[in-house]
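Student: Predicted model, plus sequence, below.
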Amino acid sequence: MELKINQQTKHFNAESLSVQSLLDLEIPHKQNGIAVAVNNTVVPKTKWNEVLVQETDEILIISATQGG
């Protein structure tokens, strides 16, 4: 499967993945304070296990930062 994650094309050996599975592969230790959008639609954290990403989906992972 080919996905575009934060403007970078990546390949995965799966036909589909849940958002949570994708995050476990991409950022296994930094999942607090992030937001995820699939094809420009924000996916609430409560739905990460339910929402499946498909071939050619565009994923945006945003991490909160501190500062002022």
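Tutor: All right, it came through fine.

Student: quick one: the strands in the protein?
Tutor: For the chain, strands defined by DSSP state E occupy the ranges 2-5, 8-11, 17-18, 34-38, 41-43, 52-53, 58-63.

Student: low pLDDT regions in the protein?
Tutor: Applying pLDDT under 70 to the chain flags the ranges 66-68.

Student: one more time with 50, if that's ok
Tutor: Of all residues in the chain, none has pLDDT under 50.

Student: Show residues contacting stretch 35-54.
Tutor: 1, 3, 16-20, 22-23, 57-62, 64 (Cβ atoms under 8 Å, 6 or more residues apart in numbering). To be clear about C-beta, it is placed using only N, CA and C from the backbone, and glycine gets the same treatment.

Student: let's see 10 Å
Tutor: The contact list for stretch 35-54, computed with Cβ atoms under 10 Å, 6 or more residues apart in numbering, reads 1, 3-5, 12, 14-24, 31-32, 34, 56-64.

Student: What's the PyMOL syntax to select whichever of those are buried?
Tutor: Burial among the contacts of stretch 35-54 is assessed by 16 or more other Cβ atoms under 10 Å; the matching PyMOL selection reads:
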select buried, resi 1+3+5+12+17+18+19+20+21+22+23+31+57+59+60+61
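
Student: Stretch 17-30: how far from the chain's middle?
Tutor: 7 Å (Cα atoms, centre = their mean, to the nearest Å).

Student: gap between the nearest residue to Ser21 once chain neighbours are set aside and Ser63?
Tutor: Ranked by Cβ to Cβ, 6 or more residues apart in numbering and with sequence neighbours excluded, the top spatial neighbour of Ser21 is Ala14, at 7.9 Å. As judged by Cβ to Cβ, to the nearest Å, Ala14 and Ser63 stand 24 Å apart.
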